[in-house]
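Colleague: got a structure for you, letters missing:
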């Protein structure tokens, strides 16, 4: 079929799918004539898929005619058609398409903005900067705001010089985008352009400047960034920490950071600890341990996390020495660090703190020792359940309960008759959570305990155990003088079997 026959068939055809097949034939066999014909037909086509096919064909056969067709397609109401034409013009590096592509950027909600920018950059790299730079002084503000990004991606010396000027532009978004464009282009000697932007009133400009300084790694920025660590805005503080990390990485000493830890501003001290954690600075251990005694809970937690991050597999000597510190907060946190890192050689020093005068320290030690949960810890705790010191005995019982495996709980049954009401109730409640209790006799005995708190704990435990053998004993205790005890017994009976009354 010759060109005229194909052309005639196309003009008569009304089915889009068949038109698409004919377009392929026209373009393959009659490139010049075919493209001229398709260009003339493009605007009159109502079907988006047919227009898209014409654009695809034009993109594969680049010449003056197809470029004109592709430029027309930039205003197509079909997004896929626009996208295809933008990509094709970028690949062709068609200088004539530069202005039409730039004009597309005046729409702030342009869906294919990234593709448009990519094509502009490809064309711009072919020494077409003049047309791009013209938009800085005139035209739509949205286009102007995209120019710094384009210049940054082109990255020539001329682009750099223009970006430096744009850092001082009256529009804050142009300033911000100019800094972003310069971020990977500037050398250390040029950092002053970014440093000046740190005092910009616009938060977005300031944030871009901080990020850029992290890429440039300028030490001249350190005093400015350290000052930002006490800023009220958390984003500024976070970015400053990240940038200081980039600058300080592998460049100790960190004296400037240590100085912050000795200051009174709590906000900057928190950020300094985060920074030391990122830097994994082992020389900061004394500062961090001292922070354990701070009145600020967040400072203490940050110091704790920092030490765990810096020493994730070994325990520094200062932490071991901290177990004997005068301050209970330091003893407590040092115990927690040991438990988290898990050095079994320090189990004995931890056990020595189970009789500490401060309850918080004892609880921290219990938590630390429970993380080991090995036979050595369990056996040592069992021995201490007979200790004369009530603090030590209670702590040992709490530890066995905390470990919570079969070995640690076996010895607890024998302590259910202990004279210490707290020990009795803790054990009753903990044993009630076990699934394989074969003998409930110790629990039954304690249903007649003098202390109502104990009777409540036992009733609750029997309800959790769920042994129907307990029903008759619980039922006998329904006449307890304490209404709270009776209420717990009723709840236990119903937990074991809702029809308990019929079973006794």
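Modeller: That came in fine, so what should we check first? On a predicted model such as this, the values are computed, not experimentally measured, just so you know. Numbering: from 1, shown residues only.
Colleague: Any buried residues in stretch 264-275, and which?
Modeller: Buried residues in stretch 264-275, counting neighbours by 16 or more other CB atoms under 10 Å, are found at 268-275. From N, CA and C alone the C-beta is placed, and that goes for glycine too.
Colleague: Which members of the residues you listed are positioned in strands?
Modeller: Nothing among those maps onto strands, per DSSP state E.
Colleague: Turn those into CSV, including distance to residue 220 and pLDDT.
Modeller: Listed next are those as CSV, based on distance: CB to CB, whole Å; pLDDT from 0 to 100:
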residue, distance to residue 220, pLDDT
268, 20, 95
269, 24, 95
270, 25, 96
271, 20, 97
272, 20, 96
273, 24, 96
274, 22, 97
275, 18, 96
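Colleague: Skip the chain neighbours and tell me the closest residue to residue 26.
Modeller: Once flanking residues are discounted, residue 26 sits nearest to residue 34: 4.0 Å by CB to CB, 6 or more residues apart in numbering.
Colleague: Can you pull the domain assignment for this structure?
Modeller: As given by automatic domain parsing, the domain ranges for the chain are 325-411, 412-504.
Colleague: so can I have CSV of those domains showing mean neighbour count and mean pLDDT?
Modeller: Shown next, in CSV, are these (neighbours: other CB atoms under 10 Å; pLDDT from 0 to 100):
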stretch, mean neighbour count, mean pLDDT
domain 325-411, 19, 89
domain 412-504, 17, 81
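Colleague: Next, the contact list for residue 254, please.
Modeller: Contacts for residue 254 were tallied using CB atoms under 8 Å, 6 or more residues apart in numbering; they are 248, 276, 279, 281, 283-284.
Colleague: just checking, what packs against the host helix or strand of the residue nearest to residue 26?
Modeller: Assigned by DSSP states H and E, residue 34 belongs to helix 31-42. Helix 31-42 is packed against helix 3-12, helix 16-29, helix 48-60, helix 64-72, with contacts defined by 3 or more CB pairs under 8 Å, 6 or more residues apart in numbering; DSSP states H and E.
Colleague: quick one: buried residues of it?
Modeller: Buried residues in helix 31-42 (16+ other CB under 10 Å): 34-35, 37-39, 41-42.
Colleague: Show me which of the buried residues of stretch 264-275 is closest to residue 318.
Modeller: Closest approach to residue 318 among those (CB to CB): residue 273, at 15.8 Å.
Colleague: Report the contact partners of that closest one.
Modeller: Counting by CB under 8 Å, 6+ apart, residue 273 makes contact with 261, 288, 291, 299, 302-303, 306.
Colleague: what's the answer for residue 347, then?
Modeller: Contacts of residue 347 (CB under 8 Å, 6+ apart): 369, 372, 376-377, 380.
Colleague: ok, now residue 495?
Modeller: Going by CB under 8 Å, 6+ apart, residue 495 touches 463-464, 466.
Colleague: Pick the one among those closest to residue 364.
Modeller: residue 464 (28.2 Å).
Colleague: separation between that closest one and residue 408?
Modeller: Using CB to CB, to the nearest Å, residue 464 is found at 18 Å from residue 408.
Colleague: returning to that earlier point: among the contacts of residue 347, name the ones in helices.
Modeller: When DSSP state H is applied, the contacts of residue 347 are split such that 369, 372, 376-377, 380 fall in helices.
Colleague: Let me know the closest of those residues to residue 401.
Modeller: Closest approach to residue 401 among those (CB to CB): residue 369, at 12.0 Å.
Colleague: From residue 386, how far out is that closest one?
Modeller: For residue 369, the distance to residue 386 equals 18 Å [CB to CB].
Colleague: Check residue 133 too.
Modeller: Between residue 133 and residue 386 the distance is 87 Å, computed by CB to CB.
Colleague: repeat for residue 108
Modeller: 77 Å.
Colleague: what does residue 475 give?
Modeller: If you measure residue 475 against residue 386 using CB to CB, the figure is 36 Å.
Colleague: same deal with residue 301?
Modeller: Using CB to CB, residue 301 is found at 37 Å from residue 386.
Colleague: Check residue 75 too.
Modeller: In this view, residue 75 and residue 386 are 90 Å apart by CB to CB.
Colleague: got it, and residue 97?
Modeller: According to CB to CB, residue 97 and residue 386 sit 90 Å apart.
Colleague: which residue ranges form the strands in this protein?
Modeller: According to DSSP E, the chain contains no strands.
Colleague: From residue 244, how far off is the most centrally placed residue in it?
Modeller: Residue closest to the average C-alpha location in the chain (CA atoms, centre = their mean): residue 238, at 12.9 Å. In this view, residue 238 and residue 244 are 11 Å apart by CB to CB.
Colleague: Kindly report the same for residue 276.
Modeller: 10 Å.
Colleague: and for these two, which residues touch both?
Modeller: Applying CB under 8 Å, 6+ apart, one finds that residue 276 and residue 244 are jointly contacted by residue 257.
Colleague: just to revisit the earlier point, just the contacts of residue 347 now: which is nearest residue 153?
Modeller: Out of the contacts of residue 347, the member with the shortest distance to residue 153 (by CB to CB) is residue 372, at 55.9 Å.
Colleague: surely that closest one meets residue 339?
Modeller: Yes. Counting by CB atoms under 8 Å, residue 339 is a contact partner of residue 372 at 7.5 Å.
Colleague: For residue 217, list the residues it contacts.
Modeller: For residue 217, the contact set (CB under 8 Å, 6+ apart) comprises 188, 246-247.
Colleague: Counting neighbours, which of the residues you listed end up buried?
Modeller: Buried subset of the contacts of residue 217 (neighbour count, 16+ other CB under 10 Å): 246-247.
Colleague: Would you mind measuring from the closest residue to residue 382 other than its chain neighbours to residue 405?
Modeller: Using CB to CB, 6+ apart and skipping the chain neighbours, the partner closest in space to residue 382 is residue 411 (4.9 Å). For residue 411, the distance to residue 405 (CB to CB) stands at 12 Å.
Colleague: I'd like to know how far residue 297 sits from residue 270.
Modeller: Counting by CB to CB, the gap from residue 297 to residue 270 is 11 Å.
Colleague: State the number of residues packed around residue 296.
Modeller: For residue 296, the neighbour count with other CB atoms under 10 Å is 13.
Colleague: Please verify my assumption that it contacts residue 265.
Modeller: No. Here residue 296 does not reach residue 265: they are 11.1 Å apart, not a contact under CB under 8 Å.
Colleague: Can you tell me which of the buried residues of stretch 264-275 comes closest to residue 207?
Modeller: Lowest distance from residue 207 to the buried residues of stretch 264-275 (CB to CB) belongs to residue 271, with 15.6 Å.
Colleague: Show the contacting residues for that closest one.
Modeller: Residue 271 neighbours (CB under 8 Å, 6+ apart): 229-230, 237, 240-241, 260.
Colleague: would JSON lines of those with pLDDT be doable?
Modeller: Listed next are the contacts of residue 271 as JSON lines, based on pLDDT from 0 to 100:
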{"residue": "229", "pLDDT": "96"}
{"residue": "230", "pLDDT": "93"}
{"residue": "237", "pLDDT": "96"}
{"residue": "240", "pLDDT": "96"}
{"residue": "241", "pLDDT": "96"}
{"residue": "260", "pLDDT": "93"}
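Colleague: ok, and the most crowded of these?
Modeller: Neighbour tally across the contacts of residue 271 (other CB under 10 Å): the maximum, 27 neighbours, falls on residue 240.
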